[in-house]
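K.L.:
Need a 3D model of the following:
(one chain, ligands or ions: 1)
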Amino acid sequence: MTTMQKITPMSFRKAKRAGPRGLPLVGSLFQMRKDPLKFFTGISREYGDVVPVKIGFETIYLINHPDHLKRIFQDNRDNYVRSKYYAQLSPIIGDGLFTLEGKAWRRQRKAAQPAVSGPNLVNMTGVMVKVVREMIGRLRDYEKNDTPLEISKEAFHFKLTIVMRSLFNADLDRETFEKVLTALTVILKEIEKRVWEMFSPPLWLPSRRIRKLQAAINTMGQIIDGIVENRLDSKVFHNDLLDMLIRAEKIYGWDQTSLRSIRDQVISIAIAGHETGAVALCWLTYELSKNPAIAGKIRQEADAVFGDKDPDFNSFQKLKYTHQVFKEILRLYPPLWTVSRQTVSADVLGQHKLPKGAIVMLSPYVMHRNPRFWNNPEVFDPDRFLPKQEAKRHKHAYFPFGGGPHLCLGNRFGTLEGVMSLAMLCQKFDFEVCPGQKLEPVPMTTLRPSGRMFIKVRKGDETRRRLAA
Ligand code: HEM
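P.N.:
Sure, this is the predicted structure:
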């Protein structure tokens, strides 16, 4: 279907009916809430390329064709700004890159971009490798003692360390980490609730839920303020992201709002930067546990590319198979399972007229599992990212990092550290998910595993022996 088909009154009427009817007043709210992933995947297969879904008082349009994604992210990008849901997060995570739009967003994006690209990215490789080596040291103890590792906790600790050290030159002790991770879990749960609620409680309400949230916001604020104030006092220049944010703030004129502004920016980036990578790592260990031959191929590649030396940026570029595995995990379990935009003025997508202010839902999870664009979409198969397979596919059928002006700021950083750490960990270990756990992706803002996830860490050689036998 092309993006600019002529609309007749009849086709528009048909298109308006081309979605689930739901209940009067609330629409599909309750059905959707029961299991959002199943609900949206189901309607993507049942209805057309643009599915209007009434949820509470709102009609949102689920976009189901890569041609339309191309129009939204690329050809008519100025007409699709962040939906109003992002701004609703400001009182919780502040005015950072994740919540802002327009001039204020552009200013922050310009300040942060150089820190995560070009030579700065290359220079961060050493820090990342050091953090992975420390993780390997911890995993060795679990392997030797044959004790289960709670990967759903360790992964967050690991990725937050990478982000904090690489971008902010900050080292948090274990106790502070626990505080940050607990606070973030409360914040992310609250965000998810607010996105789908018809009425959210105001933040001044003295309820248990809001008190818990406020405590989490305060904890995050205090910890980040501490890091920023230390930097302002230290006078040592690191040329990292924190220095760049401080410099940009000074260029625009330092005043009493500056500290708050930097705190908000750091919080947005710290959340976006570690949560996504941690979720990906949990699902990687899960899939590799089921597919030891794939883990074995990663190990072989790591041995061939960097052997017993520390990998560098050059090695990263040679880790082709490991990169395919990383891409495949982001296909099957895209950490940010959905994003949304809002039309500035009316637009036409195929047979569908979107009114001014329409909210469009762009879900990598739903698109990546659509059998119209992916063969056997439920199967974990890194070979679908072989260059010749990729060339056959619609470019916009895969978008784990979003697209358009709000394309993930850390897409290259996240890929670099994701691929390198995967290769280094698989070179040393095998992962085995402990039996008896019911693990499913749960859309909690990111696609976290349902419940705590425990794995056993084995010496890598064991797989080699198992496969040979
Ligand atoms: C596997 C890792 C990652 C995935 C899958 C991912 C995914 C995404 C997606 C889908 C968006 C778009 C959100 C939207 O359109 O509304 C996004 C935005 C963003 N990401 Fe990531 N991300 C990852 C890693 C990172 C890292 C490592 C950082 C920080 C260094 C980061 C920082 C951001 C920021 C700041 C934004 C907002 C960008 C803007 O609006 O200008 N992300 N990410």
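K.L.:
Please make it C-alpha for all contacts and neighbour counts, starting now.
P.N.:
OK.
K.L.:
that's a strand at Ile60, yeah?
P.N.:
Yes - counting by DSSP: H, G, I helix; E, B strand; the rest coil, Ile60 is part of a strand.
K.L.:
from memory it sits against Pro52, does it?
P.N.:
Yes - counting by C-alpha atoms under 8 Å, Pro52 is a contact partner of Ile60 at 5.7 Å.
K.L.:
Between those two, point out the one with more neighbours.
P.N.:
Neighbour count, other C-alpha atoms under 10 Å: between Ile60 and Pro52, Pro52 has more, with 27 against 19.
K.L.:
and that one, how far is that from the ligand?
P.N.:
20 Å (C-alpha to the nearest ligand atom, to the nearest Å).
K.L.:
can you check Ser315 too?
P.N.:
Distance from Ser315 to the ligand, by C-alpha to the nearest ligand atom: 19 Å.
K.L.:
again with Pro400
P.N.:
Applying C-alpha to the nearest ligand atom to Pro400 and the ligand gives a distance of 5 Å.
K.L.:
My guess is that residue contacts Leu332. True?
P.N.:
No - Pro400 is beyond contact range of Leu332, at 9.6 Å (criterion: C-alpha under 8 Å).
K.L.:
who's in contact with the residue in the stretch 251-400 of the chain that the ligand sits nearest to?
P.N.:
Closest to the ligand within the stretch 251-400 of the chain is Gly273: 3.4 Å, counting by C-alpha to the nearest ligand atom. Gly273 sits next to Lys159, Leu160, Val163, Gly410, Gly414 when contact means C-alpha atoms under 8 Å, 6 or more residues apart in numbering.
K.L.:
Kindly recompute the last result at 10 Å.
P.N.:
159-160, 162-164, 167, 267, 408-411, 413-414 (C-alpha atoms under 10 Å, 6 or more residues apart in numbering).
K.L.:
Please enumerate residues in contact with the host helix or strand of Leu245?
P.N.:
Assigned by DSSP states H and E, Leu245 belongs to helix 241-251. With contact meaning C-alpha under 10 Å, 6+ apart, helix 241-251 is reached by 107-116, 120, 164, 166-170, 227-228, 231-232, 236-239, 253-255, 257-259, 261-263, 265-266, 269.
K.L.:
what's the answer for stretch 172-188, then?
P.N.:
Contacts with stretch 172-188, where a contact means C-alpha under 10 Å, 6+ apart, come from 89, 92-93, 153, 156-157, 160-161, 164-165, 171, 190-191, 193-194, 209, 212-221, 223-224, 227, 267, 271, 275, 444-446.
K.L.:
buried residues in that stretch?
P.N.:
Leu172, Phe177, Val180, Leu181, Ala183, Leu184, Val186, Ile187, Leu188 (16 or more other C-alpha atoms under 10 Å).
K.L.:
the inter-axis angle of the helix or strand harbouring Val131 versus helix 241-251?
P.N.:
Using DSSP H and E, Val131 maps to helix 118-145. Computed by axes from the mean of the first three to the mean of the last three C-alpha atoms, to 10 degrees, the angle separating helix 118-145 from helix 241-251 equals 140 degrees.
K.L.:
tell me the contacts of Arg109?
P.N.:
Counted by C-alpha under 10 Å, 6+ apart, Arg109 has contacts Gly96, Leu97, Lys103, Leu245, Gln265, Pro405, His406, Leu409.
K.L.:
ok, the closest residue to the first one other than its chain neighbours - contacts?
P.N.:
With C-alpha to C-alpha, 6 or more residues apart in numbering as the criterion, Gly96 has its nearest non-adjacent residue at 4.3 Å, and that residue is Gln265. By C-alpha under 10 Å, 6+ apart, Gln265 lies in contact with 93-99, 108-109, 112, 242, 245, 259.
K.L.:
Can you select the buried ones from the contacts of helix 241-251 in PyMOL?
P.N.:
This is the PyMOL syntax for the buried subset of these, where burial follows 16+ other C-alpha under 10 Å:
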select buried, resi 108+109+111+112+114+115+116+120+164+166+167+168+169+170+227+228+231+258+259+261+262+263+265+266+269
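K.L.:
Of the contacts of helix 241-251, which ones also sit close to the ligand?
P.N.:
Arg109, Ile269 (C-alpha under 6 Å from any ligand atom).
K.L.:
out of the contacts of helix 241-251, which are inside strands?
P.N.:
With strands defined by DSSP state E, no entry of those lies inside them.
K.L.:
Let's see which of the contacts of helix 241-251 end up in helices.
P.N.:
If you go by DSSP state H, the contacts of helix 241-251 have 107-112, 120, 164, 166-168, 227-228, 231-232, 258-259, 261-263, 265-266, 269 in helices.
K.L.:
Spell out whether stretch 384-397 and the ligand are in contact.
P.N.:
No - contact of stretch 384-397 with the ligand is not found when judged by C-alpha under 6 Å from any ligand atom; the minimum separation is 13.0 Å.
K.L.:
quick one: buried residues of that stretch?
P.N.:
Buried residues in stretch 384-397, counted by 16+ other C-alpha under 10 Å: Arg384, Phe385, His396, Ala397.
K.L.:
what sits against the third one?
P.N.:
Applying C-alpha under 10 Å, 6+ apart, we find His396 in contact with His65, Pro66, Asp67, His68, Leu69, Lys70, Arg71, Phe73, Pro364, Met367, Gly402, Gly403.
K.L.:
pretty sure the second one contacts Ala397?
P.N.:
In other words, Pro66. Yes - with contacts counted by C-alpha atoms under 10 Å, Pro66 reaches Ala397, the gap being 5.2 Å.
K.L.:
residues bridging contact with the two, i.e. touching both?
P.N.:
Joint contacts of Pro66 and Ala397 (C-alpha under 10 Å, 6+ apart) are Met367, Phe373.
K.L.:
secondary structure class for the closest residue to the ligand within the stretch 1-150 of the chain?
P.N.:
Closest to the ligand within the stretch 1-150 of the chain is Phe98: 4.6 Å, counting by C-alpha to the nearest ligand atom. At Phe98, secondary structure determined by three-state DSSP is coil.
K.L.:
Could you pull up the residues touching it?
P.N.:
Contact analysis of Phe98 by C-alpha under 10 Å, 6+ apart lists 82, 86-87, 89-90, 105, 264-265, 267-269, 271-272, 406, 408-409.
K.L.:
how about a cut-off of 8 Å?
P.N.:
By C-alpha under 8 Å, 6+ apart, the residues touching Phe98 are Tyr86, Ser268, Ile269.
K.L.:
can you check Asp49 too?
P.N.:
Neighbouring residues of Asp49 by C-alpha under 8 Å, 6+ apart: Ile63, Asn64, His65.
K.L.:
For this structure, give me the ranges with low pLDDT.
P.N.:
1-17, 23-26, 196, 198, 462-469 (pLDDT under 70).
K.L.:
The ligand contacts on that one?
P.N.:
Residues of the chain lying near the ligand (C-alpha under 6 Å from any ligand atom): 97-98, 109, 269, 272-273, 276-277, 334-336, 339, 400-402, 406-411, 413-414.
K.L.:
Report the buried residues of stretch 440-451.
P.N.:
For stretch 440-451, using 16+ other C-alpha under 10 Å, the buried residues are Pro441, Val442, Pro443, Met444, Thr445, Thr446, Leu447, Arg448, Pro449.
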